[in-house]
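S.K.: Here's a sequence, model it:
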Amino acid sequence: MLEPVSVPSAADVVVAQLRRAIELGRFLPGDQLPPERELAVQLGISRVTLRAALAQLERGGLLERAERGSGGGALVVAAGSAVADAGHRALREQFEEIYEFRLACESAAAGLAAVRRTEADLARLEWAIADLQGELTPGRFRAADNAFHLAVADAAGNRWLLSAVEDVRAAMFRPLDAIRFELVVPSAVEHHRRILAAIAARDPERARASIGDHIREAQQELLVALAIGGEPD
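M.R.: The predicted structure follows:
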């Protein structure tokens, strides 16, 4: 038997797109979305549809609506304690599966990126590494880390892999904003540079090995971070 077809509304599609952008760190707590008029034009929708989507995200605790006359759009807010706790529990329950999936998808992406990368891809990877250095909040670290890994996936030139990497990183990182993240920072730049060097050298085997080492080490560091930093200070 075939299941009835359910077609999402335009507002639901916008909700999914904005939620994904927030989960991937493209918009962080404290950031403002573009003003409604500008955002509606970017998305190619009416302001009525946009307002319905923003209202859903506000009810879900992701946004705080801007006051009328404000120069900016809705404000992205940090997850409340109940949402953060639920996210930590879900992450712990799915941790092994998430990292198995990461290892499979991101290793494949790195290998393809080493074969297909362009000079523009290498520049994006360099910029992402530069953004990881200096003083970072958990959210800014997540955004810079995501930017690097998504740039690797984009350089692979395979939209299915890119979508898969986006999915798994969105599932992982928003719940981690509320915990102590310094345990995962020290090795990130070093590992990212090794991955970049392998991709720049067009060495797919070394690229796969380098990103695999990085993911396995990050897995162990995040297990520690979840164990000792699961409760926000």
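
S.K.: Could you chop the chain up by domain?
M.R.: The chain breaks down by automatic domain parsing into domains covering 10-76, 81-229.

S.K.: mind listing the helices for the chain?
M.R.: Secondary structure of the chain (DSSP state H): helices at 10-23, 36-43, 47-59, 81-116, 119-131, 138-155, 159-173, 188-200, 204-229.

S.K.: which one of the ones you listed lies closest to Pro29?
M.R.: Proximity to Pro29, assessed across these by CB to CB, is greatest for helix 138-155 (5.8 Å). Using the backbone N, CA and C atoms, a C-beta is placed for each residue, glycine as well.

S.K.: The closest one relative to helix 10-23, how many degrees between them?
M.R.: 110 degrees (axes from the mean of the first three to the mean of the last three CA atoms, to 10 degrees).

S.K.: low-scoring stretches of the protein, by residue?
M.R.: For the chain, applying pLDDT under 70 flags the ranges 67-72, 79-92, 135, 173-186, 225-226, 228-233.

S.K.: one more time with 50
M.R.: Within the chain, the segments meeting pLDDT under 50 span 81-82, 183, 230-233.

S.K.: if we can go back for a sec, among the domains of the chain, which is the most enclosed?
M.R.: Comparing these by mean neighbour count (mean count of other CB atoms under 10 Å), domain 81-229 ranks first with a mean of 18.

S.K.: Now for Gly212: which residues touch it?
M.R.: Leu103, Ser107 (CB atoms under 8 Å, 6 or more residues apart in numbering).

S.K.: what separates it from Arg159, distance-wise?
M.R.: 22 Å (CB to CB, to the nearest Å).

S.K.: quick revisit: please convert the helices of the chain to JSON lines, extending it with distance to Gly73.
M.R.: Output for these, formatted as JSON lines (distance: least, CB to CB, whole Å):
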{"stretch": "helix 10-23", "distance to Gly73": "11"}
{"stretch": "helix 36-43", "distance to Gly73": "6"}
{"stretch": "helix 47-59", "distance to Gly73": "8"}
{"stretch": "helix 81-116", "distance to Gly73": "21"}
{"stretch": "helix 119-131", "distance to Gly73": "23"}
{"stretch": "helix 138-155", "distance to Gly73": "18"}
{"stretch": "helix 159-173", "distance to Gly73": "21"}
{"stretch": "helix 188-200", "distance to Gly73": "31"}
{"stretch": "helix 204-229", "distance to Gly73": "32"}
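
S.K.: Show me the one of the ones you listed that comes nearest Ala66.
M.R.: helix 36-43 (8.2 Å).

S.K.: quick one: the closest one to helix 10-23, angle?
M.R.: Using the same axes, to 10 degrees, helix 36-43 lies at 90 degrees relative to helix 10-23.

S.K.: With just CA atoms, put helix 36-43 into CSV.
M.R.: Extracted C-alpha coordinates of helix 36-43, given in CSV (Å, rounded to 0.1, in the frame of the first residue of the first chain):
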residue,chain,number,x,y,z
GLU,A,36,11.8,40.7,7.1
ARG,A,37,11.6,42.5,3.8
GLU,A,38,15.1,41.5,2.8
LEU,A,39,14.8,38.0,4.0
ALA,A,40,11.5,37.5,2.2
VAL,A,41,13.2,38.6,-1.1
GLN,A,42,16.2,36.3,-0.5
LEU,A,43,13.8,33.3,0.1
